[in-house]
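Q: sequence and predicted structure are below.
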Amino acid sequence: MNETLRLRVNGQDFELQVRTHHTLLQVLRDQLKLFGAREGCGVGMCGACTVLLDGQAVSSCLMLAAQAADKELLTVEGLAENGRLHPIQQAYVECSGYQCSFCTPGFILTTLALLEENPHASEEEIRDYLAGNLCRCGSYVKILKSVKLAQQQMLVSKNL
Amino acid sequence: MYPPKFDYYRANSVDEAVSLLQEHNGAKLIAGGHSLLPLMKLRLADPGALIDIGRIASLQGISHDDETSRIGALTVHAAVERDSQLPRVLTEAAGWIGDPQVRNRGTVGGNVAHADPASDLPTVFMALGAIFEMAGPGGSRQVDADDFCTGLFMTDLNPDELLTTVVIPRAKNGVGSAYAKMFNPASRYAMIGAAAVLSVEGGACREAHVAVGGLTPKATRARSVESALEGQQLSEGLIKEAAAQIQNDLGDDLIGDIHASVEYRRQVVPTFVQQALEKAWQRAG
């Protein structure tokens, strides 16, 4: 079955013909050619497919595209503005918060959801919030460092 | 990984969902999809048709009156976690489900209707004495939490019915509740979950509702623990003795796996019952 799907991705409106048995991840990658969200496990355990749905971190592999109708999505491609990396992206670069980087877009988006929701998150809260994102290279120590750096810089820029 | 192909229908009301269920034999309801889609991708389920109930407004959200809280089946775990008017045993358990991505999409109704033995909420709702409201072709009906899950992944729901609301009593003064859990370190499903609701008056336990899950095929009411507490003056010693009574409630059909064997779970379950009781007692005061 097909359906006409309207959704807003990274600030841009789209109207797409989608197969109703396709996941949101499939539509993002195959139709919109946004390759930041990745399929790791495909069953909602690894977080590599994380996108923000109306500001909240969700697994795009466990959502049908049809379920995202009329929703607002943010993928990692929507973070940089005018060629300038988002402070979270910049912090991951500066701290080398990755090795192979397969998991990085998911981590960055979960970090964004965390810092929007809880700008003063403690280390324990950061660890708990990132529990749904796995890094098989094991870069967790540097990921944690990246989140803390991003947090500092976002607090400064928001005068918090 | 792709699910097998299926037809997709969107229901805009409970009545429409019920008639779609009647029209499409073997169809499954999809809400958050966090249990169903993995099962389909792993080829453990191939329903042929999915009925999306995710946009039915009457199934969304939580409402409170003086006596009860009504939790719509589509309420996500993150919303339960954040609602400070709900009993602690429930907000605590909801906050420990999976990870943020799971809690943002996974629904209360989907969780209990899936009846996974490692789920937290069936155990919690049993301890709270919840009532499950269901809608079907003949209208709506209610069933007690004790009777809702009938076995491993089995519930009292008929194929043409859907769960609409979970009704629980409001948290009251003198009543404390808590959840204690042994996490699967990877999935954070419960290997053991213990839920306790204690009503305390003058230092004595007036009423106790206790349930365990994770190690039994379905959530199990701990009646021996309850009767060891009720009418007694509460103390750490009494709670420890009462928690040990859980062995009489477990039965012989326990779940074990590579993470924790049947023998191990049986050995440590009193500790979790004790933790839940101690926290509930503290919170009652």
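A: Thanks, I have the structure now.
Q: can I get stretch B:218-230 in PDB, CA atoms only?
A: The C-alpha coordinates for stretch B:218-230 follow below in PDB (Å, rounded to 0.1, in the frame of the first residue of the first chain):
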ATOM      1  CA  LYS B 218       3.300 -13.600  34.200                       C
ATOM      2  CA  ALA B 219       3.200 -11.100  37.100                       C
ATOM      3  CA  THR B 220       2.500 -12.900  40.300                       C
ATOM      4  CA  ARG B 221       0.600 -11.600  43.400                       C
ATOM      5  CA  ALA B 222       2.600 -12.300  46.600                       C
ATOM      6  CA  ARG B 223      -0.200 -13.200  48.900                       C
ATOM      7  CA  SER B 224       1.900 -14.900  51.500                       C
ATOM      8  CA  VAL B 225       4.100 -11.800  51.800                       C
ATOM      9  CA  GLU B 226       1.000  -9.700  52.100                       C
ATOM     10  CA  SER B 227      -0.600 -11.800  54.900                       C
ATOM     11  CA  ALA B 228       2.700 -11.900  56.800                       C
ATOM     12  CA  LEU B 229       2.600  -8.000  56.900                       C
ATOM     13  CA  GLU B 230      -1.100  -7.200  57.400                       C
END
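Q: any buried residues in it, and which?
A: Applying a neighbour-count criterion of 16 or more other CB atoms under 10 Å in any protein chain shown, the buried positions in stretch B:218-230 are B:K218, B:A219, B:T220, B:R221, B:A222, B:S224, B:V225, B:E226, B:A228, B:L229, B:E230. Yep, even glycine has a C-beta here, placed from its N, CA and C like the rest.
Q: got a markdown table for the residues you listed, with secondary structure and pLDDT too?
A: What follows is the buried residues of stretch B:218-230, written out as a markdown table (DSSP: H, G, I helix; E, B strand; the rest coil; pLDDT from 0 to 100):
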| residue | secondary structure | pLDDT |
| --- | --- | --- |
| B:K218 | coil | 97 |
| B:A219 | coil | 97 |
| B:T220 | strand | 97 |
| B:R221 | strand | 98 |
| B:A222 | coil | 98 |
| B:S224 | helix | 98 |
| B:V225 | helix | 98 |
| B:E226 | helix | 98 |
| B:A228 | helix | 98 |
| B:L229 | helix | 98 |
| B:E230 | coil | 98 |
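Q: among these, which one lies nearest to B:A145?
A: Comparing these against B:A145 with CB to CB picks out B:A219 as the nearest, at 7.9 Å.
Q: low-confidence ranges, chain A, go.
A: Low-confidence segments of chain A, defined by pLDDT under 70, are absent; every residue clears the threshold.
Q: if you set the cut-off to 90 instead, what comes out?
A: Across chain A, the ranges flagged by pLDDT under 90 are A:157-160.
Q: center of it - which residue?
A: A:L109 (2.9 Å; CA atoms, centre = their mean).
Q: which secondary structure state does B:P159 sit in?
A: Following DSSP: H, G, I helix; E, B strand; the rest coil, B:P159 is assigned to coil.
Q: hang on, it packs against B:L21?
A: Yes: between B:P159 and B:L21 there is a contact at 6.8 Å, judged by CB atoms under 8 Å.
Q: where do the helices sit along chain B?
A: In chain B, helices defined by DSSP state H lie at B:14-23, B:36-41, B:77-82, B:88-95, B:100-105, B:108-114, B:121-128, B:145-148, B:223-229, B:236-244, B:247-250, B:262-284, listed in chain order.
Q: redo these as CSV? Include distance to A:L144.
A: Rendered in CSV, the data for these read as follows (distance: least, CB to CB, whole Å):
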stretch, distance to A:L144
helix B:14-23, 44
helix B:36-41, 28
helix B:77-82, 23
helix B:88-95, 21
helix B:100-105, 16
helix B:108-114, 30
helix B:121-128, 31
helix B:145-148, 40
helix B:223-229, 41
helix B:236-244, 37
helix B:247-250, 40
helix B:262-284, 29
